[in-house]
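[1] model this:
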Amino acid sequence: MGGMTTRVTHDHGTPLTAGWEVLDEMDHRRAWALFDEKFRFEPRAAKDSALSIVEPVPSLTFDFRPTPAGNESAWIARNDAVNAEALRCFVTEFADNPVFIVLDWQHQSHSFDAGSHAAAGPAAEWRKPVYPWGDYCVFARDDFSEGTFSQPWHNTLCVFGDRMVSTLGRTLSTWLPVLRTDGQC
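    Purely as a prediction, here's the structure:
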């Protein structure tokens, strides 16, 4: 019997899978400028306890710290569950246009067509996961009105916007602790 594996692409040298396109430099800069303006993004050192964004209203911020130490299977299952639930919300809530901007701090930015990604089935890997790992990562509509922001140093995920909070936020809150609502403890 084989071990569990997650479908997150850690090797960024691999070809992009269905639904993923690299943003050109101008679109990358434009997206980061809008995100910075809207959320007052300030990257923080790992030891810094301050938040890196001003969490918007409405939003829910989830705590991912309770993963049992050394339990890789639990981490993989949680990672896959969060990504699968985010994908479900992206394609059902935004069925008319399931395209998101994906920003990854100090890395390439992407356009993510959740519908194409979902249609590719098991062959589709997550170039960047919604689940917080490694670096700041944003999945958002191009106007940043709806989406997610992962803050790896705090091991949190902020879900923002009316539709994202009422879908992804609602389902994640059934099994993950909520740290903040609308940016407040």
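
[2] Just confirm residue 88 is within a helix.
    Yes: when DSSP: H, G, I helix; E, B strand; the rest coil is applied, residue 88 is found to be in a helix.

[3] what about the helix or strand hosting residue 170, distance to the chain center?
    Using DSSP states H and E, residue 170 falls within helix 170-172. Mean-position distance between helix 170-172 and its chain equals 14 Å (CA atoms, centre = their mean, to the nearest Å).

[4] State the distance from the residue nearest to the spatial centre of the chain to residue 112.
    Centrality entry for the chain: nearest residue to the mean C-alpha point is residue 130, 2.7 Å, by CA atoms, centre = their mean. For residue 130, the distance to residue 112 equals 10 Å [CB to CB, to the nearest Å]. C-beta: built from backbone N, CA, C; applies to glycine.

[5] Return every residue with contacts to both of the two.
    Taking CB atoms under 8 Å, 6 or more residues apart in numbering as the criterion, residue 130 and residue 112 both touch residue 139.

[6] what packs against the helix or strand encompassing residue 158?
    Using DSSP H and E, residue 158 sits within strand 156-160. Packing partners of strand 156-160 (3 or more CB pairs under 8 Å, 6 or more residues apart in numbering; DSSP states H and E): strand 59-63, strand 147-151.

[7] The first one pairs with which strands?
    Within its sheet, strand 59-63 is paired with strand 156-160 (antiparallel), strand 178-181 (antiparallel), according to DSSP bridges.

[8] got the angle for it vs strand 147-151?
    Here strand 59-63 runs at an angle of 40 degrees relative to strand 147-151 (axes from the mean of the first three to the mean of the last three CA atoms, to 10 degrees).

[9] Show me what the mean pLDDT comes to for strand 59-63.
    On average, the pLDDT along strand 59-63 is 96.

[10] And for stretch 136-144?
    Confidence for stretch 136-144, expressed as mean pLDDT, is 95.

[11] what distance separates the start and the end of that stretch?
    The first residue of stretch 136-144 is 15 Å away from its last residue (CA to CA, to the nearest Å).

[12] just stretch 42-55 next, same as before
    First residue to last in stretch 42-55 (CA to CA) measures 12 Å.

[13] What are the boundaries of the strands in this structure?
    Residue ranges of the strands in the chain, as given by DSSP state E, are 20-22, 59-63, 99-104, 110-113, 137-140, 147-151, 156-160, 178-181.

[14] hmm, who's touching the fifth one?
    Outside of strand 137-140, the residues that reach it under the criterion CB under 8 Å, 6+ apart are 35, 86, 90, 100-105, 112, 128-130, 144, 146-150.

[15] now residue 161: how far from residue 106?
    Taking CB to CB, one finds residue 161 at 25 Å from residue 106.
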